[in-house]
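Novice: What would the 3D arrangement of this be:
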Amino acid sequence: MMESWKQMMDENLALKRNNVEMKVELSSVQSTRDELQRTNMRKQQLILDLKKNYLSMKESFSTFSSLEQHNAELIEELAQWKDNTKQAQKELNKLRKELKEQTQRTKREDVTLHKTKNQLEKLQGIVHQAATAIKHTVEIQDQEKEAETKSKERTKLIISLLEILNCINQGPDTPTSVSSR
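Specialist: Got it, this is the predicted structure:
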């Protein structure tokens with residue numbers, strides 16, 4: 001019995017030691033388990049953060065791609081505007097040149113018109129003087145005057161007609177020296 005008791009005591013002691021070792025091992029396993037759970041929680045949070053960052057980056061990339069495409073469209077539109085501006089500038093320069101040429105032509109025509117007007121006024125003056133001289137001649141013939149008076153009047157009339165002819169021969173640009181009656 002003693003032996004059995006000793007054997008039971010040894011067995012009990014072995015079981016107690018085994019129990020202590022198992023408790024230590026259990027504690028170690030629990031500690032490892034807790035550490036793994038914390039690690040898994042951190043990894044799970046990291047995965048959630050990475051997923052959130054990925055979705056945010058995906059959205060940012062989508063926005064960036066959209067903006068990049070819009071930017072390309074705007075660049076193309078700007079190039080078109082630049083081409084249109086160049087065309088408009090060429091057209092404007094052409095119109096300015098045409099306006100300048102037209103203005104110069106108008107000035108030349110104004111000068112020509114002014115000269116023509118002056119010539120016409122001079123010719124009207126000459127025609128008026130000739131008409132006056134002819135009228136005077138007719139009046140002289142109608143009047144009965146003395147021969148000397150008629151001779152003086154004829155001389156004046158001839159001088160007047162010669163001056164008119166002289167003015168006509170000199171051209172309309174030269175000043176006339178026709179004496180007025």
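
Novice: Give the rounded mean pLDDT of whichever strand or helix holds Phe64.
Specialist: Per DSSP states H and E, Phe64 falls inside helix 2-142. Helix 2-142 shows a mean pLDDT of 92.

Novice: Which other helices and strands does that helix contact?
Specialist: Judged by 3 or more CB pairs under 8 Å, 6 or more residues apart in numbering; DSSP states H and E, helix 2-142 is in contact with helix 147-170. In short, each C-beta sits where N, CA and C put it, glycine included.

Novice: the inter-axis angle of the helix it packs on versus helix 2-142?
Specialist: In terms of direction (axes from the mean of the first three to the mean of the last three CA atoms, to 10 degrees), helix 147-170 departs from helix 2-142 by 160 degrees.

Novice: how far is helix 147-170 from where the chain is centred?
Specialist: Put simply, helix 147-170 sits 72 Å off its chain's centre (CA atoms, centre = their mean, to the nearest Å).

Novice: Stretch 59-73 too?
Specialist: Relative to its chain's centre, stretch 59-73 lies at 28 Å (CA atoms, centre = their mean).

Novice: And stretch 45-63, by the same measure?
Specialist: Relative to its chain's centre, stretch 45-63 lies at 44 Å (CA atoms, centre = their mean).

Novice: got it, and stretch 82-90?
Specialist: Put simply, stretch 82-90 sits 7 Å off its chain's centre (CA atoms, centre = their mean).

Novice: chain center to stretch 31-45: distance?
Specialist: Counting by CA atoms, centre = their mean, stretch 31-45 comes out at 67 Å from the chain centroid.

Novice: Output it in PDB with nothing but the alpha carbons.
Specialist: Taking Å, rounded to 0.1, in the frame of the first residue of the first chain, the C-alpha atoms of stretch 31-45 are listed here in PDB:
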ATOM      1  CA  SER A  31       0.200  34.700 -25.100                       C
ATOM      2  CA  THR A  32       1.200  33.600 -28.600                       C
ATOM      3  CA  ARG A  33      -2.500  33.400 -29.500                       C
ATOM      4  CA  ASP A  34      -3.100  36.900 -28.100                       C
ATOM      5  CA  GLU A  35      -0.100  38.200 -30.000                       C
ATOM      6  CA  LEU A  36      -1.300  36.500 -33.200                       C
ATOM      7  CA  GLN A  37      -4.800  38.000 -32.600                       C
ATOM      8  CA  ARG A  38      -3.300  41.500 -32.200                       C
ATOM      9  CA  THR A  39      -1.100  40.900 -35.300                       C
ATOM     10  CA  ASN A  40      -4.100  39.700 -37.200                       C
ATOM     11  CA  MET A  41      -6.100  42.700 -36.000                       C
ATOM     12  CA  ARG A  42      -3.300  45.100 -37.100                       C
ATOM     13  CA  LYS A  43      -3.100  43.200 -40.400                       C
ATOM     14  CA  GLN A  44      -6.800  43.400 -40.900                       C
ATOM     15  CA  GLN A  45      -6.800  47.100 -40.100                       C
END
